[in-house]
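In: Provided below are the primary sequence and the corresponding predicted coordinates.
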Amino acid sequence: MKQIAVIGSGIIGTSWAVVFARAGCQVRLYDGEAAQRERAAAGLQEAVQSSSALLREGDGVADVLARVRQETSLEAALAGADYVQEAISEQLPAKRELFAAMDAQLPAHVILASSSSTYGVSRFADDLPGRARCLVVHPMTPPHLMPVVEIAPAPWTDAEVTRQAFEFMGELGQVPVRINKEISGFVLNRLQGALLAEMFQVIADGVISARDADLLLSQGLGLRWATVGPLEGVDLNAPGGIADYLGRYGHIFNGMAAEKGLPAPVDEALTARLDAEMRASLALDGLARKRNWRDLAVVQVRQAMQPLYGEKP
């Protein structure tokens, strides 16, 4: 996929444009608001400049910016596109209208991807003749800095479209993850939302200050999670891996759920599933080696961040 149309030039749209252009694609960027198109030019310049350390060898800021062209009509932006990334506001009627227009104009092979962080594609493309080429490709903000991206097809999305989108994101340098079922907010925002909801509660209850709650993440869990995910983290925190950890500490999570009147999340079935998935990717005899890797990685993250702490606004 060499020519990309990005529809919507706000924070997400301009950031997506950088992702595609940085990988060598030609990008046509369109926004219906003239004022936003003017702001997008400055946004592109700033995004590429500030992330210049991530450019491909031999590329400069000017090279990347030259691959992005702003268009003044949807038709011009879509002409010749191999792939479309929608990044307009989270308004269902607007998304429905846009996807209908794109489906009518573009050849059947062109993938139509939405950046929606809330709605599954079933909510706005279910009645289109070409709905099988539509899916959600939801980034973390901003995608030119945060590589993870959720690939969320509808039940009727063509499996080959999903495969191509997944593969394409990998080629761009993004890190795609598959969402198997449509769910409001997908998974990234649900995980973030659960953490924030708990933080809001303990702050409101006077348990901790906002500053100290943030420090628990930025100087604690965040340092660990910069190197391994939460499940990988607990897998390393007991001699027998995640099954051992949940056998020792699973009651803590069940107790917290009970406080909220929720069912116990940790049971034998979940423990067995998590143990099987973790052991499929790393045998128990590899845990010590991975712990050593994590420790070295955390040290390097702390060393890299140390000079920046004094500049933090």
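Out: The structure has been received and is ready for your questions.

In: phi, psi of Pro153?
Out: Backbone torsions for Pro153, taken as degrees, to the nearest 10, come to phi -80, psi 160.

In: measure it to Gln164 for me?
Out: Plainly put, Pro153 is 11 Å away from Gln164 if you go by Cβ to Cβ, to the nearest Å. Where you see a C-beta, it was placed from the backbone N, CA and C, and this is true even at glycine.

In: out of these two, which sits in the busier spot?
Out: Ranked by neighbour count (other Cβ atoms under 10 Å), Pro153 and Gln164 place Pro153 first, with 26 against 17.

In: tell me where this protein has helices.
Out: 11-22, 34-50, 61-66, 74-78, 92-105, 122-125, 159-172, 188-204, 210-216, 222-225, 230-235, 241-259, 268-281, 287-309 (DSSP state H).

In: can you list the ones you listed in JSON lines and add distance to Leu135?
Out: Shown next, in JSON lines, are the helices of the chain (distance: least, Cβ to Cβ, whole Å):
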{"stretch": "helix 11-22", "distance to Leu135": "15"}
{"stretch": "helix 34-50", "distance to Leu135": "25"}
{"stretch": "helix 61-66", "distance to Leu135": "26"}
{"stretch": "helix 74-78", "distance to Leu135": "18"}
{"stretch": "helix 92-105", "distance to Leu135": "11"}
{"stretch": "helix 122-125", "distance to Leu135": "9"}
{"stretch": "helix 159-172", "distance to Leu135": "6"}
{"stretch": "helix 188-204", "distance to Leu135": "16"}
{"stretch": "helix 210-216", "distance to Leu135": "35"}
{"stretch": "helix 222-225", "distance to Leu135": "27"}
{"stretch": "helix 230-235", "distance to Leu135": "26"}
{"stretch": "helix 241-259", "distance to Leu135": "31"}
{"stretch": "helix 268-281", "distance to Leu135": "24"}
{"stretch": "helix 287-309", "distance to Leu135": "33"}
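
In: mind checking which of those helices is nearest Ala5?
Out: Among these, the nearest to Ala5 by Cβ to Cβ is helix 74-78 (4.7 Å).
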